[in-house]
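Student: here's a sequence, model it:
(one chain, ligands or ions: 1)
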Amino acid sequence: MGSSEESRDFWTSKQYATSAAFVPQLTQKVVQYLAVEENDRILDLGCGDGILTAQIASALKSGYILGLDASPSMIQSAQHAYPTLTHPRCEFRVKDCTQLIEGPSRDGAIDGTWDKVFSNAALHWILRSPSTRLSVLEAAYRALKPGGTFVFEMGGAGNVSEIHAALTAGLLHFGCPLETARAASPWFFPSDAWMKNALEGVGFTVDKVELEYRPTKLTEAQNGGLEGWVKLFGASVLDHVEESKRDECVGWVSALLQTIVTREEDGSQWLGYVRLRGVATKGA
Ligand code: BEZ
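Tutor: Okay, the predicted model is just below:
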């Protein structure tokens with residue numbers, strides 16, 4: 001999910017299924033925008049454990065979908081859950097999507113033959129670094145055949161800002177300097193204006209880019225809850241805290257957020273997710 005810039009693989013599919021099961025379930029709109037046709041060839045950037053990739057594959061009769069992800073652990077789970085023998089329409093490959101057209105790991109997938117490039121809940125990790133940001137969008141453009149579409153959903157401006165602030169405060173509380181704490185954020189949550197401009201900059205015609213505030217209910221505490229979310233998604237941030245203090249820091253961050261995310265009426269916990277969704281076309 002993340003890029004190789006974070007040198008460790010922070011992901012395990014078990015943790016992901018526990019703390020973030022809602023991610024592939026909340027995909028109705030972006031999948032509707034993808035408008036899968038049975039012979040589509042689709043490239044999926046940041047496919048994670050492949051659940052959504054395989055769902056999309058089930059709508060293909062003669063088409064094919066290739067899921068790419070930087071996490072070997074996630075790709076291993078995807079290959080295990082959806083082996084080619086029983087799922088011939090989807091395939092998974094370890095690939096750092098920040099390096100699709102740059103550097104030594106230039107990829108054969110960026111060949112101008114794909115009908116669609118798709119990405120769900122991954123671009124906020126993949127676009128994290130300003131130095132590779134535009135090259136990722138350019139890779140999506142170059143991967144497509146003329147007339148092909150890029151369809152994506154990711155965190156947009158203001159996404160999970162309560163978590164963002166609490167994690168930064170956690171680092172400060174546990175001894176990180178302010179600049180380190182600020183720079184530790186592993187995400188880029190662009191505005192609709194930024195994204196439209198960037199897509200047009202690499203050559204796309206933008207059909208739509210929309211922001212949606214979508215508060216999202218966390219899994220029940222025994223299945224992950226707030227602490228599970230902070231541990232899983234904040235792993236690279238928490239890496240800045242001394243290892244022996246990490247669990248304490250997770251507790252501190254979660255305690256800080258407790259009243260902010262918890263609803264009075266039933267004790268359910270919600271995060272302020274903001275979705276940035278878009279469809280852009282490569283001119284024929
Ligand atoms: C998101 O899907 O918006 C998201 C997931 C994990 C961390 C940050 C954002």
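
Student: the top helix by length along the chain vs the ligand: in contact?
Tutor: As assigned by DSSP state H, the longest helix anywhere in the chain is helix 246-261. No - using CB under 6 Å from any ligand atom, helix 246-261 stays clear of the ligand, coming no nearer than 13.6 Å. (Glycine included, C-beta is placed from N, CA and C.)

Student: tell me the helices and strands packed up against that helix.
Tutor: Where contact means 3 or more CB pairs under 8 Å, 6 or more residues apart in numbering; DSSP states H and E, helix 246-261 is packed against helix 161-173, helix 225-233, helix 235-238.

Student: okay, now S129: neighbour count?
Tutor: Counted with other CB atoms under 10 Å, the neighbours of S129 add up to 15.

Student: quick one: pLDDT of it?
Tutor: pLDDT recorded at S129 is 96.

Student: ok, now the one 4 residues further on?
Tutor: At R133, the pLDDT value in this model is 96.

Student: show me where the stretch 51-200 of the chain has helices.
Tutor: Here the stretch 51-200 of the chain has its helices, by DSSP state H, counting those that start in this stretch, at 51-57, 72-81, 123-126, 133-143, 161-173, 178-183, 192-201.

Student: phi, psi for L34 please.
Tutor: The phi and psi values for L34, taken as degrees, to the nearest 10, are phi -70, psi -30.

Student: hmm, K116 and it touching each other?
Tutor: Yes - applying CB atoms under 8 Å, one finds L34 in contact with K116, separated by 6.4 Å.

Student: anything in contact with each of the two?
Tutor: 42, 151 (CB atoms under 8 Å, 6 or more residues apart in numbering).

Student: of the helices of the stretch 51-200 of the chain, which is nearest the ligand?
Tutor: Nearest of the helices of the stretch 51-200 of the chain to the ligand, taken as CB to the nearest ligand atom: helix 123-126 at 5.5 Å.

Student: the helices of the stretch 51-200 of the chain into a markdown table, with extra columns for mean neighbour count and distance to the ligand?
Tutor: Output for these, formatted as a markdown table (neighbours: other CB atoms under 10 Å; distance: least, CB to the nearest ligand atom, whole Å):
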| stretch | mean neighbour count | distance to the ligand |
| --- | --- | --- |
| helix 51-57 | 22 | 12 |
| helix 72-81 | 19 | 14 |
| helix 123-126 | 25 | 6 |
| helix 133-143 | 22 | 16 |
| helix 161-173 | 19 | 7 |
| helix 178-183 | 12 | 16 |
| helix 192-201 | 17 | 14 |
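
Student: pull the contacting residues for the closest residue to the ligand within the stretch 1-150 of the chain.
Tutor: Closest approach between the stretch 1-150 of the chain and the ligand, counting by CB to the nearest ligand atom: A121, at 4.1 Å. Counting by CB under 8 Å, 6+ apart, A121 touches 23, 46, 48, 153-155.
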